[in-house]
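> With the sequence up front, the predicted model follows.
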Amino acid sequence: MALPTLNRVLFLSALLVLGGCSSSNNRASYTNARAVTPIPATTLAAMDHIGSNRDAPILIRAYKKESEIEIWKLTSSGKYALMKSYPVCRWSGQLGPKTREGDRQVPEGFYTVTPNQMNPNSALWLAFNVGYPNAMERSLGRSGGDIMVHGTCSSRGCFAMTNEQIEEIYAVMREAFQGGQKSIQFQSYPFHMTAENLVKFRNDENMPFWKNLKEGSDRFEVTKTEPAVGYCGAHYTFGSTEAPGCGQTAASDPAAAEIAAKAAADNAKMSSLIAAGATTTRISYSDGDQNPFFRTPEKQKLLEKWAAAGELSRPDALSAVEETEFDHQGNPVPRQPAPVTATAYAATPAPTTAAAQDDGFFQKWFSTAPNQPTADPVLIGTPANVPLPPRRG
């Protein structure tokens with residue numbers, strides 16, 4: 001049920017003065033209109049199409065390899081349904097979890113976002129803190145913080161969106177909080193947790209951890225309800241309403257049989273793929289990637305403009321992603337060379353060092369004295385309602 005109009009206005013006023021990022025001087029004392037940007041009509045129509053509305057709770061899922069963020073909405077059926085997918089403009093690091101400050105890794109795991117993690121005055125247009133490190137990561141001594149989803153196509157451990165995208169995502173979250181949602185679950189994965197992907201990356205050192213993430217993914221895929229998340233050591237635990245901890249027994253779970261059946265079917269498919277000679281894959285990222293949605297000539301011109309202004313992190317890294325296939329004997333599989341195309345950032349002078357280019361960007365936006373509004377970068381952004389291209393295999 002929607003909050004009364006007066007409560008909605010009071011909530012907006014409170015939200016505007018909250019900050020979710022503690023990097024130096026990015027908590028400004030001013031507010032801006034972008035934090036109260038209305039949800040686009042096309043997105044409201046998408047909510048209506050799945051039997052939901054602006055006030056209904058949401059759940060967010062992110063995928064690094066595919067460079068996508070999904071927003072799921074609770075529907076009138078009591079189940080979540082996919083409302084919309086957004087192409088990620090930039091993420092940094094490699095596939096695998098974040099473990100320490102400065103590793104540039106986008107974290108993988110299950111996180112919680114509350115209203116006080118929303119930053120309407122971010123120097124990176126708008127932002128929200130995903131909640132890294134979570135309770136399990138803190139228990140393991142993992143360091144770092146201020147991991148965001150934000151605007152401006154520049155990342156050093158965050159999911160960076162275009163400004164138009166983050167305005168829409170922020171608005172959808174804002175309305176869900178105003179509708180009464182106390183916290184939003186943010187699920188971050190290395191890739192879609194399919195049998196095909198698990199076979200493809202089966203030799204990766206992170207596979208035991210990724211199989212644990214798949215347990216939570218499977219529960220959501222089967223039940224379409226938010227999983228309860230706990231942990232024991234370095235292992236996530238899941239439940240329908242409560243997640244067991246170390247030494248605890250899981251409560252009776254009505255979905256347990258169906259979840260086990262899905263896991264068994266996926267395992268059988270994986271065995272079949274391997275028996276049929278499925279190759280393994282190793283991806284080497286110089287520093288993360290972006291969705292192929294941004295690789296069209298039209299988008300390349302926009303990215304060149306941002307790179308030239310120092311507002312695209314490590315553009316050189318985007319052309320340095322290497323994906324190698326190996327046969328069952330561990331030998332590289334020859335690949336046909338890709339057609340030669342113009343480099344997306346050929347017109348952009350290469351920085352002296354990638355780190356200098358990136359640090360200069362963040363120094364630019366985090367060095368303003370308090371109480372001095374920062375002139376936000378003029379970024380056109382990419383409409384989030386444009387259909388995504390086919391996923392890369």
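On my side now, so go ahead.

> Quick check: pLDDT value at T99.
Here, the pLDDT recorded for T99 equals 97.

> Which parts of the stretch 1-150 of the chain are strands?
58-63, 68-74, 80-87, 109-113, 118-119, 127-129, 148-150 (DSSP state E, counting those that start in this stretch).

> and these as a markdown table, adding mean pLDDT?
Output for the strands of the stretch 1-150 of the chain, formatted as a markdown table (pLDDT from 0 to 100):
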| stretch | mean pLDDT |
| --- | --- |
| strand 58-63 | 98 |
| strand 68-74 | 98 |
| strand 80-87 | 98 |
| strand 109-113 | 98 |
| strand 118-119 | 96 |
| strand 127-129 | 98 |
| strand 148-150 | 97 |
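
> Just put these in JSON lines and tack on mean neighbour count and distance to R156.
From N, CA and C alone the C-beta is placed, and that goes for glycine too. Listed next are the strands of the stretch 1-150 of the chain as JSON lines, based on neighbours: other C-beta atoms under 10 Å; distance: least, C-beta to C-beta, whole Å:
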{"stretch": "strand 58-63", "mean neighbour count": "23", "distance to R156": "17"}
{"stretch": "strand 68-74", "mean neighbour count": "22", "distance to R156": "18"}
{"stretch": "strand 80-87", "mean neighbour count": "20", "distance to R156": "20"}
{"stretch": "strand 109-113", "mean neighbour count": "22", "distance to R156": "18"}
{"stretch": "strand 118-119", "mean neighbour count": "25", "distance to R156": "16"}
{"stretch": "strand 127-129", "mean neighbour count": "26", "distance to R156": "13"}
{"stretch": "strand 148-150", "mean neighbour count": "27", "distance to R156": "10"}
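
> Which one of the ones you listed lies nearest to H235?
Nearest to H235, of all these, is strand 109-113, at 11.4 Å by C-beta to C-beta.

> follow-up on the earlier one: nearest to A257, of the strands of the stretch 1-150 of the chain?
Checking these against A257 by C-beta to C-beta gives strand 80-87 as the closest, at 20.6 Å.

> List the strands paired with the closest one, with their directions.
Sheet pairing here is set by DSSP bridges, and for strand 80-87 it gives strand 68-74 (antiparallel).

> which residues are in contact with the partner strand?
Residues outside strand 68-74 that contact it (C-beta atoms under 8 Å, 6 or more residues apart in numbering): 47, 50, 52, 56-63, 80-88, 149, 159, 161, 169, 172, 291, 388, 391.

> how about a cut-off of 6 Å?
The contact list for strand 68-74 (C-beta atoms under 6 Å, 6 or more residues apart in numbering) reads 47, 52, 56-62, 80, 82-86, 172.
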